[in-house]
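Student: okay, structure incoming, though there's no sequence with it:
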(Lines give C-alpha, C1' and ligand atoms only; values in the text may rest on other atoms or scores of the structure.)
Protein backbone atom coordinates (compact mmCIF):
# COMPACT_ATOMS: atom_id res chain seq x y z
CA UNK A 1 0.00 0.00 0.00
CA UNK A 2 1.33 3.45 -0.90
CA UNK A 3 2.21 6.03 1.73
CA UNK A 4 -0.61 8.34 0.64
CA UNK A 5 -3.21 5.55 0.80
CA UNK A 6 -1.99 4.49 4.23
CA UNK A 7 -2.30 8.05 5.57
CA UNK A 8 -5.84 8.80 4.47
CA UNK A 9 -5.84 8.54 0.71
CA UNK A 10 -6.81 11.14 -1.79
CA UNK A 11 -9.27 12.82 0.61
CA UNK A 12 -6.51 13.88 2.97
CA UNK A 13 -4.35 14.91 0.04
CA UNK A 14 -7.20 17.06 -1.34
CA UNK A 15 -7.66 18.70 2.08
CA UNK A 16 -4.06 19.89 1.97
CA UNK A 17 -4.82 21.86 -1.19
CA UNK A 18 -8.33 23.08 -0.24
CA UNK A 19 -8.95 26.86 -0.37
CA UNK A 20 -7.44 28.96 2.40
CA UNK A 21 -10.03 31.17 4.10
CA UNK A 22 -7.80 33.17 6.47
CA UNK A 23 -6.84 36.86 6.54
CA UNK A 24 -3.21 35.93 7.18
CA UNK A 25 -3.05 34.03 3.92
CA UNK A 26 0.74 33.61 3.66
CA UNK A 27 0.90 32.22 7.20
CA UNK A 28 -2.13 30.00 6.53
CA UNK A 29 -0.53 28.55 3.38
CA UNK A 30 2.80 28.01 5.16
CA UNK A 31 1.06 26.32 8.07
CA UNK A 32 -1.18 24.17 5.84
CA UNK A 33 1.64 22.85 3.66
CA UNK A 34 4.12 22.68 6.55
CA UNK A 35 1.70 20.67 8.68
CA UNK A 36 1.00 18.33 5.75
CA UNK A 37 4.73 17.70 5.37
CA UNK A 38 5.22 17.17 9.12
CA UNK A 39 2.26 14.76 9.25
CA UNK A 40 3.49 12.76 6.27
CA UNK A 41 0.55 13.68 4.02
CA UNK A 42 3.07 14.95 1.48
CA UNK A 43 6.00 12.66 0.80
CA UNK A 44 9.68 13.55 0.62
CA UNK A 45 10.48 14.50 -2.97
CA UNK A 46 6.82 14.86 -3.98
CA UNK A 47 6.31 17.62 -6.50
CA UNK A 48 3.78 20.26 -5.51
CA UNK A 49 1.35 21.46 -8.17
CA UNK A 50 2.58 24.34 -10.33
CA UNK A 51 2.30 27.84 -8.87
CA UNK A 52 -0.77 28.85 -10.87
CA UNK A 53 -2.61 25.62 -10.15
CA UNK A 54 -1.68 25.59 -6.45
CA UNK A 55 -2.63 29.26 -6.01
CA UNK A 56 -5.96 28.51 -7.69
CA UNK A 57 -6.65 25.50 -5.46
CA UNK A 58 -5.85 27.46 -2.32
CA UNK A 59 -7.65 30.55 -3.66
CA UNK A 60 -4.72 32.85 -3.03
CA UNK A 61 -2.78 35.07 -5.41
CA UNK A 62 0.41 33.81 -6.99
CA UNK A 63 2.26 36.55 -5.08
CA UNK A 64 0.91 35.16 -1.79
CA UNK A 65 1.82 31.63 -2.83
CA UNK A 66 5.36 32.68 -3.79
CA UNK A 67 5.84 34.32 -0.39
CA UNK A 68 4.61 31.15 1.31
CA UNK A 69 6.91 28.97 -0.80
CA UNK A 70 9.83 31.25 0.08
CA UNK A 71 9.03 30.83 3.80
CA UNK A 72 8.77 27.05 3.35
CA UNK A 73 12.16 27.04 1.57
CA UNK A 74 13.68 28.99 4.47
CA UNK A 75 12.28 26.37 6.86
CA UNK A 76 13.83 23.61 4.75
CA UNK A 77 10.44 22.06 3.94
CA UNK A 78 10.43 22.80 0.21
CA UNK A 79 13.10 22.98 -2.46
CA UNK A 80 12.58 24.68 -5.80
CA UNK A 81 14.31 23.79 -9.05
CA UNK A 82 14.17 25.87 -12.20
CA UNK A 83 14.03 24.75 -15.79
CA UNK A 84 12.78 21.60 -17.41
CA UNK A 85 11.59 19.15 -14.75
CA UNK A 86 11.66 21.95 -12.22
CA UNK A 87 9.10 23.09 -9.70
CA UNK A 88 8.66 22.98 -5.95
CA UNK A 89 9.31 19.70 -4.16
CA UNK A 90 8.71 18.51 -0.62
CA UNK A 91 11.90 18.23 1.38
CA UNK A 92 11.78 16.50 4.75
CA UNK A 93 13.46 18.60 7.44
CA UNK A 94 16.92 17.74 8.70
CA UNK A 95 16.25 18.77 12.32
CA UNK A 96 15.00 15.95 14.58
CA UNK A 97 11.25 16.01 15.25
CA UNK A 98 11.33 17.39 18.82
CA UNK A 99 13.61 20.28 17.82
CA UNK A 100 11.36 21.14 14.84
CA UNK A 101 8.32 21.05 17.09
CA UNK A 102 9.89 23.36 19.67
CA UNK A 103 10.97 25.78 16.93
CA UNK A 104 7.43 25.86 15.52
CA UNK A 105 5.75 26.22 18.91
CA UNK A 106 7.98 29.16 19.86
CA UNK A 107 6.47 31.09 16.95
CA UNK A 108 2.87 30.56 18.13
CA UNK A 109 0.94 33.15 20.13
CA UNK A 110 -0.56 32.38 23.54
CA UNK A 111 -4.00 32.27 21.90
CA UNK A 112 -2.83 29.72 19.32
CA UNK A 113 -1.32 27.54 22.05
CA UNK A 114 -4.58 27.70 24.04
CA UNK A 115 -6.52 26.70 20.92
CA UNK A 116 -4.14 23.77 20.42
CA UNK A 117 -4.71 22.69 24.04
CA UNK A 118 -8.48 22.95 23.62
CA UNK A 119 -8.29 20.93 20.42
CA UNK A 120 -6.32 18.12 22.07
CA UNK A 121 -8.60 18.15 25.15
CA UNK A 122 -11.62 17.69 22.88
CA UNK A 123 -9.93 14.88 20.96
CA UNK A 124 -8.82 13.13 24.14
CA UNK A 125 -12.32 13.32 25.61
CA UNK A 126 -13.89 11.96 22.45
CA UNK A 127 -11.31 9.17 22.22
CA UNK A 128 -11.86 8.20 25.87
CA UNK A 129 -15.60 8.12 25.36
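Tutor: Perfect, thanks for sending it. All of these numbers come straight from a predicted model, not from anything done at the bench. Residues are numbered from 1 along each chain as shown.

Student: helix, strand, or coil at the most centrally placed residue in the chain?
Tutor: Centroid check for the chain by CA atoms, centre = their mean gives residue 33 as the closest residue, at 1.7 Å. Three-state call for residue 33 (DSSP: H, G, I helix; E, B strand; the rest coil): helix.

Student: what's the answer for residue 89, then?
Tutor: Secondary structure, three-state DSSP: residue 89 is strand.

Student: residues touching it, list them.
Tutor: 45-48, 78-81 (CB atoms under 8 Å, 6 or more residues apart in numbering). Every C-beta, even on glycine, is put in place using the N, C-alpha and C of the backbone.

Student: what's opposite it in the beta bridge?
Tutor: residue 47, residue 79 (DSSP bridges).

Student: low pLDDT regions in the protein?
Tutor: By pLDDT under 70, the low-scoring segments of the chain are 1-11, 20-23, 94-97, 100.

Student: try it again at 50.
Tutor: Along the chain, the model assigns pLDDT under 50 to residues 1-2, 4-7.

Student: for it, which segments count as strands?
Tutor: Listed in chain order, the strands of the chain (DSSP state E) span 78-81, 87-90.

Student: most tightly surrounded among these?
Tutor: strand 87-90 (a mean of 18; mean count of other CB atoms under 10 Å).

Student: quick check: residue 17 vs residue 123, distance?
Tutor: From residue 17 across to residue 123, the span is 24 Å (CB to CB, to the nearest Å).

Student: mind checking which of these two has more residues around it?
Tutor: The neighbour comparison of residue 17 against residue 123 (other CB atoms under 10 Å) goes to residue 17, with 18 against 10.
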